[in-house]
Every structure is written in structure tokens, then in C-alpha cells.
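here's a sequence, model it:
(3 chains)
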Amino acid sequence: MSNISIRKVRKTYDKNEVVHGVDLEVAAGEFVVLLGPSGCGKSTLLRMVAGLEAITSGEIAIGNKIVNKLEPRERGCAMVFQNYALYPHMSVAENIGYALKIARVPKVERNEKIRSVAETLNIADFLDRKPAQLSGGQRQRVAMGRAMIREPKIFLYDEPLSNLDAKLRVAMRLEIRKLHQRLGTTTLFVTHDQVEAMTLADRIVVMNKGIIEQVGTPLEIYSRPASAYVAGFIGSPSLNMIKGVLNPETATITLNDGQALQYDLKRWPNLHAGEIIAGFRAEAVSLCNSSKSLTLNPQFIEELGVSRQLHCELAGEQIIVTSQSDHDVKAGIPLHVTIEPGQIQLFNAQTGVRLETEVYDVDASVTQIRKAS
Amino acid sequence: MIERTPILNLVSQAILCIAFVAILSPFYIVFAAASHDFVTVNKVPMPLLPGGHLWENLSEVWVKANFGQAMRNSLISAVAVTVGKISLASISAFSIVFFNYRARMLVFWLIFITLMLPLEVRIVPTYAVAANVLSPLKSMLSFLGLSITLPEWNLLNTYPGLVLPLIATATGTFLYRQFFMTIPNELAEAAKMDGAGPIRFFWQILMPLSKSNMAALAAIMFVYSWNQYLWPLLVVTDQQNYATATMQLQKLVPSGQAEPPVWNTAMAANLIVLLPPALVSILLQRFIVRGLISTEK
Amino acid sequence: MDKHATFSNTWLATALIIPQLLLVFVFFYWPTAEAVYWAFTLEQPFGGSNQWVGMQNFQTVFNDSKYWNSVIVSIIFALATTALSLIISLGLALLVDRRLPGHQLFSFAYFIPYAMAAPAAGLAFRFIFAPSAGFMAAINEWYPNLWNPATNGSHALLLIILCQSWQSIGYNFVFFLAALQSIPRTLTEAGAMDGASVLRRMADIQIPLVAPTLFFLIIINLTDSFVNSFGIVDITTHGGPARATDLMVYKIYFDGFKAQDYSLAAAESIVLMLLVIALTFFQFRFVERRVHYN
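Model prediction:
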């Protein structure tokens, strides 16, 4: 178990910078997920920790030892690749034991370890097979076994579940978490799937275009997204966001179509009038018939069994509302709803940065949050 | 990947550089020898820097070995083989891949078995056929008890004689078949839905798609037929009018030990002969490599 | 294969395939059949149809020590050129695949020998290795008669082996390089994570994974050295000295066209054909083996 320190790390490919000075501390034993869309630099960052990519500037330390110039094998990391990268010409046992063979571990000891790892992962019956004869899930386990057998200081996972079907993905997710609970090895896990991130992580690092947008526990990130970008990425469905004009006198936000949303004046007593983004969860919307209600136009309805997702149009923008299945809703028939003012979150219309409640000024809030992160 | 292997890198680079010199040196030595006069080229060791007699040697050997005619013959037959092979290969692969008829598996094997036996191993009887193209027909007729006197159709000392046997193999057909198999059959079905018949589909969809395939086959075929040696040697007896460039090389090396070889003009001739295929493989290397590799599948 | 067969116009299909079938029949099947016919018959001295002689031509061939000499020389030549050329080109491809500075230039240059015609290569090598001019002559000045392919059979054989190996390096190299480049990069990365050094990864991962290409190239090179060696021999050694470089193809040419004995040449052709067919058959077996990897 080791901690990882990433300090001001940048990565440039032919003048094209893809990681713009990232700082991140991972505590020993922590499970940290790097989350972001493809091309956000998360895999590059992971590969720099592994030693598969050179670091352009900045430094990475593992267990307080700077590893910038160390070769992958000297860093004590083990990695599970997205396509598993199993050696097709070696049997499962040879694949798992290859690292030990190179380390000149005696054969008897090696076989013992291979067997014990294989039993942990329920692949002991396939040790003589070639990877081509295995199913996707079994290959995934072999890839994990290969990483585990070395008892590494750090586990690196590069989107290891994305080649599995939905059901298997859920099962393997649980196993990865269980494995971490038992071994307690520091883990960096890269994914673009926010559900994976939410369920696995001690802390999530949300990345966007080569910078870190937010670092926090899954709950922090879900309930207090640092920016409109993070809010749009997390949760299923993600946070509804709608542009409007803020009127502090009436504590309302006027939407494009003239309708108004009520926000909590006590949380933001000193805002200036002007453009703003209001965000709210699909669950925060309740159907009613009161006079202060908003009118939505449901366009189509997704039935989920437990509930329904109503895809609606509000002031020219798409939003999603969750409702109970017993409500009588039809596409095309306008719907009256209210949104609890306490459930409204506000974001700066220009920068997308979240307005924290204790901050009184839009401009000041921007600088405050920048300092905090 | 971060790897600190300075010694290995140095050794690798050294080996690569030595191989670079070793692999290209025959070309350079041919060039250098072709640029010396008779005395210098026979010095031991021959000076490695080129001399000033290149043009002189080239023009001397050009006349002496009748390269004006020989180069023209090589060019005509190489272009004919290339064009013939491409047209034949594309239409026959089209027939085999995109049409549904009962004999097509048989046809497929009839054509692809020819990949097994190169021209060289059946050189003697092929020569006999070229000497009398209608002999197969004649033998079959006489087998059936018909004795019709057919005219002798002789391909010796003709361009078809140089070209046709080289076209009659499956390499190009194989390459095209490989390529056609990678085309999703939905494309043919969509063309059919759009009302395109097979010929329109072939011209307007398959041919434009197979452009780089065609370039690959053309380059490979050009080099292959330019470099032919044994077959032209047999089929051409009229050296004055039908000799090809590679054949002329044989006349420039003395077979006996008596007279000292005229290496400078021999190498000048070599330079002339190897230049066209070398240019093609330098300029079209990307296509040639891709075409060659697709034959492995 | 069937899934592509979209069109069902049989007349058109036939019209498209006929030219190729006709050529293949006239220049492939007929000559091959004729070779078989000649191999089992003898030409009558005063014309008329050939006389059936059974295995007699083959007996003549197999009882001839010159023929066995030719077979042995051909096998030595084929094995030596194949081994030499494949080892060099695999080594170079492994090094080029490391992508050190200049690798593009190297991979470009290593292919060029492909362009040189066999007789042209033969002529160049004959000059470079000539005993009294060129470069080996310098060695002969220090140790007279150390090297003379014109009189020493093993020298002559070595000369054509070097020439053929050099010529096939370009072809073999591009196949090896393509095979190496098609190995997923994550496999070498996984090897590095497992602690394998560069050389160890070559031995444990890269070379085993190009094995299918290696088998393919072994067969192609063997076939090629049996079949395509005529140009080199004809220009450099004429099969000599004392039949030390009398390869099978060259002997067929000599017996058929210089000695005008078609029956003998046909029997020799049949033997060579069987050899080439056996190699091709072998190749199919190996091509099937590669399926196991994926």
C-alpha cells in the first residue's frame, strides 16, 4: 500500500497539450476513480502513473518516492487493461504467472500462488486453457489475477469493464470492490461510466479537457456538483439545467417563456440581477395543480416500472422529470408542476461554476471556488 | 513507454545502420562501378567514390546491347501484363465473389490451384504450348476422332508470347477476391435496391473502392514482369527485335575465363535495367507492401 | 462466402470468368498435363506419337548421380537462403519495430532489394565477389586464391546463397514488420508492467506471436528458392563449377532446352512440382494452426 502524489503534471503530444497541470493526492489504501468523457486525459494520467507514458512536466510520487524516470516494472504498480491484453499464446496459468516467472520465483512457489489467485477469482478450472477459449468475464478475471499475483503497491484499472455486457459489468463491479475491501490496495480506476464511479469510489475525480473539475466523495459530487459540467455528467438522469434571468427582489428566475422559478432567498441573500443557470434533479419536481405551478410540455414518456421518466420541454429546453407510475400523464398534454425552492441549485451563466450558498457575490464565488479546488 | 536502455538502443541503432549500408551497398556498388573507366573498375580494391565516366558507359552500353529496343520491349510487355492482369483479375474475382452459380466453387478451385505451381516448374511444356497455341485444341479434336487441320499459331517472338503466360496465374485474382470479400454484402444489396445491375455496381462502386488495391497490384505486377528472365529467354529467339532488358544482361558477362570482364559497362547496363522497377518500388512502396501483405491471409 | 453472392445472372458470370479460365487452361492445365504425359512417354526418333514407357524416365532420372547432386545442392541452397534471410529480416524487423529515431528510413530502405531482378542481383553479386576485380579481390591479394567462386564449388554455392538471401530480405522484412505492428500495443505494455525487459518481450511475446507469419514465410522462401533461382544461377555460375550450383530449375532448363530431352526434363519437372505441392500442402496445415491464437 502506498500513497500517490501527482503534482502539476502535464502531458504534451507534438505541441498538443492533453493534460494541463493536474494536482492530485491519493491516500494509501484509497479507491479513487478518474471519471470523464473520452479524450479528457484520464487514461493518459493513469498511464503516466504506470510509466507507460513519459511525463512532460511536473512529478508523480508513489510512496513518497518520485517515479518520473522509473520504468514501469520498477514502480510496483499492476494494471488491468481495457482489452485485458492477455498473451494469446500462453495458457491462463502462464498468463497469471508470467510476472513471477520473470522475477525468477521458483516454479513450485509460483504454481502455488497461481492456484491460490485463481481460486480467489473462481478461474481455477480454466488454468490450462488459452485466452481465446474463455468468455469475456473469464478473461477479465484472468487479467485481474495477473495483476493481483504480484501483490502490487498500487492497482491501476483502465476501463476494465467496458467490454463486458451490462449484467456482467454489475457483477464484476461488485467483485472489484470486494477485492479492494479485502486487500486494501491503493487503487486508481479510470472509467467514463458515472454509475461505475459512484458505486466503486471512495473519491471521484471528475476530469474535463485535461483538467480536474472536481474531487470529492460520490455523495458530495452528486449533491453539490462544483460546476454545470460535473452536474451534467453525474446522476441518471443528470441534473436538469435551464437558463434564466435572476430577480433578487422577487427571489425568482424568469425563464425565456415568461414563467418563473422560485429560489431560496435565504441561501443567496445578496445576488445581483442577471443571467443565471438554475439546476434541479428530476426527483425534485412534483406534479400538482396549484396556481403557482409551472407548465411543462411532456413530449414522450419512458416507463421504467417503478417510476416513469417524462421528457418535457420547458422554456425551449429539454428537461427530465421523474413521476410515479400511477400518475395519469400523456405526451402532448401540458403538465402542472412545482419545484421546491430549496431544491434549486444555481450556476454562474458564464463560467458554469456553482454558486455556493454562503457566498454573496457572483464574481467572488468564482474566485473562492477556484481557490478551494 | 519509459525505458532506460541506452546500451540496447545504441546496439540496435548500430545494427540497423550496418544493415542499412549492407542492404543498399549492392545498389551503390553497381552505380559506382558504372561510373569508372575500364582501368579504374579493375583496380583492387575498386575506388568507392564515383568516377566521371557514368554517362560515357551508359551511352556505350545502350548502343552495344541495343537497349533502345530492349527497354521498349520490356516496357510494352510489363505494361501489357499489368493492364491485362488487373482487368482479368478484377472481372474474374467479381464473377466468383458476387455471382451465384453452381460451378463457382469448382471455378474458384480451378483458378486458385494455379497458385501452387509457378511458371518455372512447368516451363518446358508451357514453351511447347507457346510454340503452338492451338495444339491443345488440336489434340482434343484428334482425341475425338476429328482430324481438322488447324493453322499453326506461334507465339514465339511476339508480344502476346511474352505476356499471356504471365497473366495466366491467380495472384491478382486472389488479391481482388480478398478485397471483395471485405466489402459488406449490404453494399451490393443496397445497390440492387437502388436499381443498379451487376455491371453498374462493378463500375461505379467496386472499381472506385478498389483504387488502392489496383495501384498495389499494378506496382507488383510491373516489377514482377519487368524482372522476368527465364521466360523471355525461351520465348524470344529473335534477339534483335524482341529481346527484353533483363535478357541483355546475360550477354555482357563473359562465360569463359579468357578475356577480362568489362565490368564498368556491365554495371552500367545493370543500372539501366534495375532503374525502372527500383523507381516503381520507391515511389509506390506503400501500395506494394500493402498488396503483398494481403496475400498472406 | 455465399453471403456475397448477390447477383444471379449466370450468363454474365460465365462471360466474366471465361477469359481467365481459357488462359489458365491453355497455359497452366494443358502444360501441366502435358508434362505428366511426357514424363511417362518417349518421343519416337522418326516422328509419330509418343511411346508409353511407364516409369522409365523417372528411373533414368533417379539413377543419375548428377540429378541427385542437383537435388542435394537445391536443398542446401533452399535451407541456407531461407534460414539466413529469415533470421536477418526478423532481427531487423524486431529492431525497427522499437521505433527508435530513423526507423522509417530503415524500413523504407530494407524493402528496396525487392526491386532488383534476379539476373541483375546476380550480376551485381558476381562483380562484388569476383576473384580478380571488385572487393573480394582485395582479400585475394593478401591470401592468394582464398576466394574463387569460378573454380571452388563451395564458394560458388555460397555466392548464390548470399545473393538469393539478400534479394529476399526486402520481402520477408515487410511481412515481419507488418506482423509485429499488428500485435496490440497493450500486449507489450502488459509485458513491461509484468517486468519483462525489451529483449525478454521479444523472446516471450513478440516472436511467438509472429510464428504464423514465420511459418508462412518459411514455406514461401523454400518454394521461391526452389523455383525462382534460375536468373541468379544463369548469370553468376551457369551451374558450375563442376555442377556445384546445378539447381533443379537450372537442370530442367538445361536438359529440356540445351539437351532437347523433353521427356527427361518433364520427369524432373514432375518431381519439382510434387515438391512444391508438398510444401504448399504443408503451408495449409500451418495456416489452419494459427486459428488457435485468436
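
residue numbers of chain A in contact with chain C?
Proximity of chain A to chain C, by CB under 8 Å from any CB of the partner chain, involves residues A:50-52, A:71-73, A:77-79, A:81-83, A:85-89, A:98-99, A:102-103, A:130, A:132, A:146, A:150. In short, each C-beta sits where N, CA and C put it, glycine included.

which of those residues fall in helices?
Cross-referencing the residues of chain A next to chain C against helices under DSSP state H gives A:50, A:98, A:99, A:102, A:146.

closest one of these to chain B?
Chain B has its nearest neighbour among these in residue A:50, at 9.3 Å by CB to the nearest CB.

neighbours of residue 193, just the number please.
Let's take chain A. Each residue near residue A:193 was counted by other CB atoms under 10 Å in any protein chain shown, and the total is 16.

ah, no, chain B please
So residue B:193, with other CB under 10 Å, has 9 neighbours.

and the residue lying farthest from the centre of chain A, what does it touch?
Centroid-distance maximum for chain A: residue A:108 at 41.7 Å, with CA atoms, centre = their mean. If you count contacts by CB atoms under 8 Å, 6 or more residues apart in numbering or on different chains, residue A:108 has none.

distance of it from residue A:144?
Remark: distance between residue A:108 and residue A:144 (CB to CB, to the nearest Å) = 24 Å.

where does pLDDT dip in chain A?
By pLDDT under 70, the weakly predicted segments of chain A are A:289-292, A:325-326, A:357-373.

which elements pack onto the stretch of helix or strand residue B:172 belongs to?
Per DSSP states H and E: residue B:172 is located in helix B:171-182. Judged by 3 or more CB pairs under 8 Å, 6 or more residues apart in numbering or on different chains; DSSP states H and E, the packing partners of helix B:171-182 are helix B:67-98, helix B:104-112, helix B:211-226.

now the second one - C-alpha only, PDB.
Okay, so that is helix B:104-112. Provided in PDB are the C-alpha atoms of helix B:104-112 (Å, rounded to 0.1, in the frame of the first residue of the first chain):
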ATOM      1  CA  ARG B 104     -18.500 -21.300 -58.900                       C
ATOM      2  CA  MET B 105     -16.700 -23.300 -56.200                       C
ATOM      3  CA  LEU B 106     -15.300 -25.500 -58.900                       C
ATOM      4  CA  VAL B 107     -14.200 -22.500 -60.900                       C
ATOM      5  CA  PHE B 108     -12.700 -21.000 -57.700                       C
ATOM      6  CA  TRP B 109     -10.500 -24.000 -57.100                       C
ATOM      7  CA  LEU B 110      -9.600 -24.400 -60.800                       C
ATOM      8  CA  ILE B 111      -8.200 -20.900 -60.700                       C
ATOM      9  CA  PHE B 112      -6.600 -21.000 -57.300                       C
END
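
about what we covered before: can you redo the ones in helices among the residues of chain A next to chain C as a markdown table with neighbour count?
Formatted as a markdown table, these follow (neighbours: other CB atoms under 10 Å in any protein chain shown):
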| residue | neighbour count |
| --- | --- |
| A:50 | 24 |
| A:98 | 23 |
| A:99 | 23 |
| A:102 | 17 |
| A:146 | 28 |
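
I'd like the residues you listed laid out as JSON lines, including distance to residue A:189.
Below are those laid out as JSON lines (distance: CB to CB, whole Å):
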{"residue": "A:50", "distance to residue A:189": "13"}
{"residue": "A:98", "distance to residue A:189": "23"}
{"residue": "A:99", "distance to residue A:189": "20"}
{"residue": "A:102", "distance to residue A:189": "26"}
{"residue": "A:146", "distance to residue A:189": "17"}
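
between those residues, which is nearest residue C:228?
Nearest to residue C:228 out of those is residue A:98 (CB to CB; 41.7 Å).

that closest one: what's it in contact with?
By CB under 8 Å, 6+ apart, the contact list for residue A:98 reads A:87, A:90, A:146, C:191, C:194, C:196, C:204.

try residue B:278
Residues in contact with residue B:278 (CB under 8 Å, 6+ apart) are B:27, C:112, C:115, C:116.

near chain B too, which of the contacts of residue A:98?
Checking those against chain B by CB under 8 Å from any CB, not one of them is in range.

put together CSV for these, with distance to residue C:252 on each row.
Listed next are those as CSV, based on distance: CB to CB, whole Å:
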residue, distance to residue C:252
A:87, 47
A:90, 46
A:146, 56
C:191, 49
C:194, 53
C:196, 50
C:204, 45
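
out of those, what pair is the most spread apart?
For the contacts of residue A:98, the farthest-apart pair by CB to CB is A:146 and C:204; their separation is 13.9 Å.

remind me which helix or strand the residue lying closest to residue B:23 once chain neighbours are set aside belongs to.
Leaving aside its sequence neighbours, residue B:23 sits nearest to residue C:110 (CB to CB, 6 or more residues apart in numbering or on different chains; 5.7 Å). Using DSSP H and E, residue C:110 falls within helix C:103-111.

just after the helix holding residue B:172, pick out the following helix or strand.
helix B:185-193.

tell me which other helices or strands that following helix touches.
In terms of contacts (3+ CB pairs under 8 Å, 6+ apart), helix B:185-193 is packed against helix B:198-201.

just checking, what packs against the helix it packs on?
Where contact means 3+ CB pairs under 8 Å, 6+ apart, helix B:198-201 is packed against helix B:67-98, helix B:185-193.

any idea which of those has the lowest pLDDT on average?
Of all the helices and strands packed on helix B:198-201, the minimum mean pLDDT falls on helix B:185-193 (a mean of 84).

list the buried residues in stretch B:32-41.
Within stretch B:32-41, the residues scored as buried using 16 or more other CB atoms under 10 Å in any protein chain shown are B:32, B:33, B:34, B:35, B:36, B:40, B:41.

much appreciated, bye for now.
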